[in-house]
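Q: what follows is a predicted structure for the sequence shown.
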Amino acid sequence: MLKSKRIFPSTATLLLVTCFPSNAVLAGEPAIWQMSSRSELLKGEARGVSVTDNGALKLAPRFDRLFDTEQSYVWSTAVDSAGNIYVGTGHDGKLFRVAPNGKGTLVYKAAELDVTALAVARDGAVYAATSPDGRVYRVAPDGKAEVYFDPGDKYIWSLAVLNDGSLAVGTGDNGKLYRVRTAAAKPESSLLISTNQTQVMSLAVTKNGDLIAGTDPGGLVLRISSDGKAFGLYDAPLREIHALSAAPDGSIYALALSDAAATTKSAVPATAATTQTAEAATAATISTDESTIGATAQPTPAKSRNDLSSARSAVFHILADGGTDVVWNSSSVTAFSVLAVTNGVLVGTSDKGRIYSISDDGRDTLLLQSTEGQISALVARGADTYAASSNQGRLYHFGEPVVNEGGYESPVRDTKLVSSWGRIWWQGRGPIELQTRSGNSDRPDATWSDWSVTYKDASGSQITSPRARFIQWRAVLHGAPGRSDEARLEDVSLAYLPRNVAPEVLSITVLPSGVALQQQLQVQVDPNIEAAGLDASLFGITAQVPPRRVFQRGARSLQWQGEDRNGDTIEYAVYYHSSNETTFRLLKDHIRENFYTVDGASLADGRYVFKIVASDAPDNPPGTALSSERISEPVDLDNTPPTIRLVNSAQIAGNHARAVFDVDDSTGRIKRADVSIDGGPWHEVFPDDGIADSQRERYSLDVLVSGPGEHTISLRAFDNSNNVGSISVVVRQ
């Protein structure tokens, strides 16, 4: 830092305005990246690991791929009494039967593009609905198929077998619901109800035999009687009731989608574009969350699951007694499938092809994560659950047994600067191993380091990955002998020290002459906060009151903006030199505000250049502090008023008085002059050349006076620094 033996007294005060990055950390103090919240953990990749509602990692149920349809999409599933799973796909309109051992067979290839709904008849035959130009095919176990029902509607979205063996068929674009009792039945005689909705998207049958229908775009859940009478069970605030699932206790779970996520906006099934849109929304939410880590003084208020104002998808529980609860909603995740289980539901999403387990009281666990784009259908038989995916179209199986080993990859941490790594430690139990890798691109690629050696000491191990800006960790959980569900990882912390960078003066602004800045009363900070090593922003003490502007003759004020990427406290020093000098002299140092007022009396008239030096010395050990500087544009200091001289003597004739004045300014220029007669109001006058714009101006005045006797002519002149000079002359008549 520059020093000077000559220090000028001044009336200056300063205010520091420093920009803190979102994960600001003092350069001499390590940052701790701690991942313990569920919201942070969900940003990572879980393979064979579940993320609990309270932010712990544990081994997930085994998730085995049974069959690959080699199709892009699976729209529908059904299971028969023998345990065979039927899978309807798009866009080749294929129907597969998958045996419990995973062997799959193509049962039927429809002429239509998509097999959008499936149901199993009492005799083991399968009803397959297709779209567009919807038909219902009856496919026998031997693969022989026939058109069972052709309603003439463009889409068939849903099927359900009623207790008497008849088939319920929900269609669009006319929102009709049919009850088909025999093959080749006429649509007119089979029409159960024509709703006032566009689509009958979903159907379910309760244990009591009630037929339940979900619609679009009204978001209605209807109970349909055998004579076609509709009773509204629930009017959801979201647009589309995409899926229904009946629980053993007679209640119904309804999955609803908002207008942004609805699959029927363009009257086609959900496509890759729908999935990508949902994933983009999820990514946007994650990005917002990441930007606020460590920056918010007050915690973000938690939203109630009953707040559906920004919900993209939601699950409602319609109780047997008619009551309705909101079980879950998300503003970023699009859900595509729902399955009632004991005391809750499973929800399949387009959020990295994940399956969430959600209890009736709203506690949700990331149960499984697939490698596919979305979980489009869920179906169960006993303790076995089957999940169908899209992008690619595959069938998976899972149950109660958990895997023997599972892994989790954290999101990438951006430390903002190249950093040195400290130790990594965690909380948990059971056999757990961690590794790290680092790089200088925001996504891990071939330029990143390999995964490090294994860290096995939960109390802490030195990170061996090379210095870099970005870092990531991964964990492997192992099942303990005889207790495969024991491993549990609850908290991971990683220490790093960013490279110290010099603070920067971003800009310097020179205020007009005569404007002085005074510091206003600031919020008092509890001295115990700093003594305890805590960041004052954690207590909400972040706002700095801007300086107050006051008039001070001859003052020139400087304001600047400073930034330290490490979040260090910045100290400033102000230097100056005149236009004919080369050596800067110190005016003031050890100041922490962002303004300085130069008292006009402290420096002689002339042109000056000022330099602001910023240093991070307060938060770095001696000898390691860094500094930078910025030089202002030239600044004129002028504290000398113009001089006014009467040329010859004033003359008076009749009611006119004439006087000539020369106005001179040694440093600046004349910008204005006013005249007053006999102490009256001031009126602006122009110089002889018509414009006041030079160091010397002549004013030839011819003014009216009234009555005989003495009259006083007063002239005042201002220079461009607002200095004022004046003169008064007396004329007699």
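A: Sure, I can see it. Numbering: from 1, shown residues only.
Q: pLDDT below threshold where in this protein?
A: In the predicted model of the chain, residues 1-28, 264-302, 481-485, 522-525, 527, 529-544 satisfy pLDDT under 70.
Q: switch the cut-off to 50
A: 1-24, 265-297 (pLDDT under 50).
Q: helices and strands around the longest strand seen in it, which ones?
A: Scanning the chain for the strand with the most residues, using DSSP state E, yields strand 413-429. Applying 3 or more Cβ pairs under 8 Å, 6 or more residues apart in numbering; DSSP states H and E, one finds that strand 413-429 contacts strand 31-35, strand 432-439, strand 461-462, strand 468-478, strand 488-498. C-beta here means a position set from N, CA and C on the backbone, and glycine is covered the same way.
Q: neighbouring strands - and their directions - for the fourth one?
A: Take DSSP bridges as the rule and strand 468-478 pairs in its sheet with strand 405-409 (antiparallel), strand 413-429 (antiparallel), strand 432-439 (antiparallel).
Q: mind putting those into TSV with mean neighbour count?
A: Formatted as TSV, the strands paired with strand 468-478 follow (neighbours: other Cβ atoms under 10 Å):
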stretch	mean neighbour count
strand 405-409	19
strand 413-429	19
strand 432-439	21
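Q: want to throw these into CSV with distance to residue 41?
A: Formatted as CSV, the strands paired with strand 468-478 follow (distance: least, Cβ to Cβ, whole Å):
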stretch, distance to residue 41
strand 405-409, 8
strand 413-429, 13
strand 432-439, 14
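Q: let me know which of these is the nearest to residue 164.
A: strand 405-409 (46.4 Å; Cβ to Cβ).
Q: please save the CA atoms from that closest one in PDB.
A: Output of strand 405-409 as PDB, limited to C-alpha atoms (Å, rounded to 0.1, in the frame of the first residue of the first chain):
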ATOM      1  CA  GLU A 405     -24.600 -51.400  -2.200                       C
ATOM      2  CA  GLY A 406     -25.700 -47.900  -3.400                       C
ATOM      3  CA  GLY A 407     -24.000 -44.800  -4.600                       C
ATOM      4  CA  TYR A 408     -24.700 -41.100  -4.500                       C
ATOM      5  CA  GLU A 409     -23.000 -38.300  -6.500                       C
END
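Q: distance check, residue 205 against residue 84.
A: Separation of residue 205 from residue 84 (Cβ to Cβ, to the nearest Å) stands at 20 Å.
Q: then residue 414?
A: Distance from residue 414 to residue 84, by Cβ to Cβ: 49 Å.
Q: again with residue 712
A: Taking Cβ to Cβ as the measure, residue 712 falls 115 Å from residue 84.
Q: what of residue 577?
A: Residue 577 is 90 Å from residue 84, where distance means Cβ to Cβ.
Q: between these two, who's got more neighbours?
A: Set residue 577 next to residue 84 and count neighbours by other Cβ atoms under 10 Å: residue 84 wins out with 19 against 15.
Q: pretty sure that one contacts residue 97?
A: Yes: the pair residue 84 / residue 97 is scored as a contact, 5.4 Å apart, by Cβ atoms under 8 Å.
Q: show the end-to-end separation of stretch 672-688, please.
A: Between the opening and closing residues of stretch 672-688 lies a distance of 13 Å (Cα to Cα, to the nearest Å).
Q: er, stretch 608-627 I mean
A: Taking Cα to Cα, stretch 608-627 runs 23 Å from one end to the other.
Q: residues in a beta bridge with the nearest residue to residue 64 once chain neighbours are set aside, which ones?
A: Closest residue to residue 64 apart from its sequence neighbours, by Cβ to Cβ, 6 or more residues apart in numbering: residue 397 at 5.1 Å. Beta bridges link residue 397 to residue 64, residue 386, judged by DSSP bridges.
Q: quick one: residue 56 and residue 490 touch, right?
A: Yes: with contact defined as Cβ under 8 Å, residue 56 and residue 490 form a contacting pair (4.6 Å).
Q: quick one, which of these two is more surrounded?
A: Taking other Cβ under 10 Å, residue 56 and residue 490 do not tie; residue 56 has more neighbours (18 against 15).
Q: how close does that one sit to residue 40?
A: 12 Å.
Q: what's the answer for residue 124, then?
A: Separation of residue 124 from residue 40 (Cβ to Cβ) stands at 48 Å.
Q: what do you get for residue 167?
A: For residue 167 relative to residue 40 (Cβ to Cβ), the value is 48 Å.
Q: between those two, who's got more neighbours?
A: A count of neighbours by other Cβ under 10 Å puts residue 167 above the other of residue 167 and residue 40, at 23 against 20.
Q: ok, now which ones touch residue 664?
A: 642-643, 645, 695-696 (Cβ atoms under 8 Å, 6 or more residues apart in numbering).
Q: report the beta-bridge partners for it.
A: Beta bridges link residue 664 to residue 643, residue 696 when assigned by DSSP bridges.
Q: residue 560 too?
A: Counting by DSSP bridges, residue 560 is bridged to residue 508.
Q: so it is in contact with residue 591, correct?
A: No: Residue 560 is not in contact with residue 591 according to Cβ under 8 Å; the separation is 11.2 Å.
Q: need the residues touching each of these two.
A: Common neighbours of residue 560 and residue 591 (Cβ under 8 Å, 6+ apart) are residue 572.
Q: the more surrounded of those two?
A: residue 560 (23 against 20).
Q: now do the same contact list for the more buried one.
A: Residue 560 sits next to 505-509, 572, 594-595, 612, 630 when contact means Cβ under 8 Å, 6+ apart.
Q: same question for residue 187.
A: Contacts here follow Cβ under 8 Å, 6+ apart; on that basis residue 187 touches 149-152, 178.
Q: what about 6 Å?
A: By Cβ atoms under 6 Å, 6 or more residues apart in numbering, the contact list for residue 187 reads 151-152.
Q: distance of it from residue 72?
A: Look at residue 187 and residue 72: by Cβ to Cβ, they are 31 Å apart.
Q: next: residue 377.
A: 14 Å.
Q: and what of residue 248?
A: Residue 248 sits 34 Å away from residue 72, going by Cβ to Cβ.
Q: same deal with residue 390?
A: Taken as Cβ to Cβ, the span from residue 390 to residue 72 is 7 Å.
Q: show me which of those two is the more surrounded one.
A: Between residue 390 and residue 72, residue 390 has the larger neighbour count (other Cβ under 10 Å), namely 30 against 16.
Q: correct me, but the more buried one touches residue 73?
A: Yes: Residue 390 lies in contact with residue 73 (Cβ atoms under 6 Å); the separation is 4.2 Å.
Q: can you give me the buried ones in stretch 113-124?
A: The neighbour-count check on stretch 113-124 (16 or more other Cβ atoms under 10 Å) flags 113-121 as buried.
Q: now the residues you listed as JSON lines including secondary structure and distance to residue 605?
A: Formatted as JSON lines, those follow (DSSP: H, G, I helix; E, B strand; the rest coil; distance: Cβ to Cβ, whole Å):
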{"residue": "113", "secondary structure": "coil", "distance to residue 605": "86"}
{"residue": "114", "secondary structure": "strand", "distance to residue 605": "86"}
{"residue": "115", "secondary structure": "strand", "distance to residue 605": "90"}
{"residue": "116", "secondary structure": "strand", "distance to residue 605": "87"}
{"residue": "117", "secondary structure": "strand", "distance to residue 605": "90"}
{"residue": "118", "secondary structure": "strand", "distance to residue 605": "93"}
{"residue": "119", "secondary structure": "strand", "distance to residue 605": "96"}
{"residue": "120", "secondary structure": "strand", "distance to residue 605": "99"}
{"residue": "121", "secondary structure": "coil", "distance to residue 605": "103"}
